[in-house]
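*Asks:* model this:
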Amino acid sequence: PKTQICGYGVFTDAMKQSTYLGLWESGWRHGPGTVVLPSGVYYSGTFVQDTMQGYGMLLTEDDTLYDGNFVGDGHLQGKGQLTLPNGDVLVGYFAGHWADKGGIRVVMTSLFSYYDTVYSFTSHCIVT
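*Replies:* Numbering: from 1, shown residues only. This next block holds a predicted model:
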């Protein structure tokens, strides 16, 4: 059974080699928190019952930054902004998963207007 930790705390997971700083509820990471990995991956955002849920920022070891909505650990969904190491910025609606290997697999939809007509542009990509 999970330990019934509640309130603010810091936990280092030797198996996952990660450190969590944030709120706990009934033994779960729950509420605002931050996870840091030795590789340089950094997530700061909301947790619900131990998973990344809601708004958060994910910074990777190559300085790729995703700022937007999460619906599970590594699952991007909803409005967000992806800033690539070269400075390129993608803004839109994301649906995809941050892959451990091979980059971010996303379907991104952007809306833009041209002469009072709104267009939707959908792209499927892997950002590495």
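
*Asks:* residues touching Q17, list them.
*Replies:* Counting by C-beta atoms under 8 Å, 6 or more residues apart in numbering, Q17 touches 37-38. Any C-beta I mention is one placed from the backbone N, CA and C, and that applies to glycine too.

*Asks:* same thing but at 10 Å, please
*Replies:* Residues counted as contacts of Q17 (C-beta atoms under 10 Å, 6 or more residues apart in numbering) are 36-39.

*Asks:* what's the distance between the residue of the chain most remote from its centre and G92?
*Replies:* Ranking residues of the chain by C-alpha distance from their mean position (C-alpha atoms, centre = their mean) puts Y115 at the top, at 34.8 Å. Here Y115 is placed at a distance of 21 Å from G92 (C-beta to C-beta, to the nearest Å).

*Asks:* Pull stretch 85-98 out as PDB, backbone CA atoms only.
*Replies:* This file holds the C-alpha atoms of stretch 85-98, laid out as PDB (Å, rounded to 0.1, in the frame of the first residue of the first chain):
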ATOM      1  CA  PRO A  85      16.500  24.300 -29.800                       C
ATOM      2  CA  ASN A  86      17.100  26.400 -32.900                       C
ATOM      3  CA  GLY A  87      14.500  28.900 -31.800                       C
ATOM      4  CA  ASP A  88      11.700  27.800 -34.000                       C
ATOM      5  CA  VAL A  89       8.300  28.000 -32.300                       C
ATOM      6  CA  LEU A  90       5.200  25.900 -33.100                       C
ATOM      7  CA  VAL A  91       2.000  27.200 -31.600                       C
ATOM      8  CA  GLY A  92      -1.300  25.300 -31.900                       C
ATOM      9  CA  TYR A  93      -3.300  22.300 -30.600                       C
ATOM     10  CA  PHE A  94      -1.200  19.300 -29.900                       C
ATOM     11  CA  ALA A  95      -2.000  15.600 -29.500                       C
ATOM     12  CA  GLY A  96       0.800  13.200 -29.100                       C
ATOM     13  CA  HIS A  97       3.300  11.600 -26.800                       C
ATOM     14  CA  TRP A  98       6.800  12.600 -25.700                       C
END
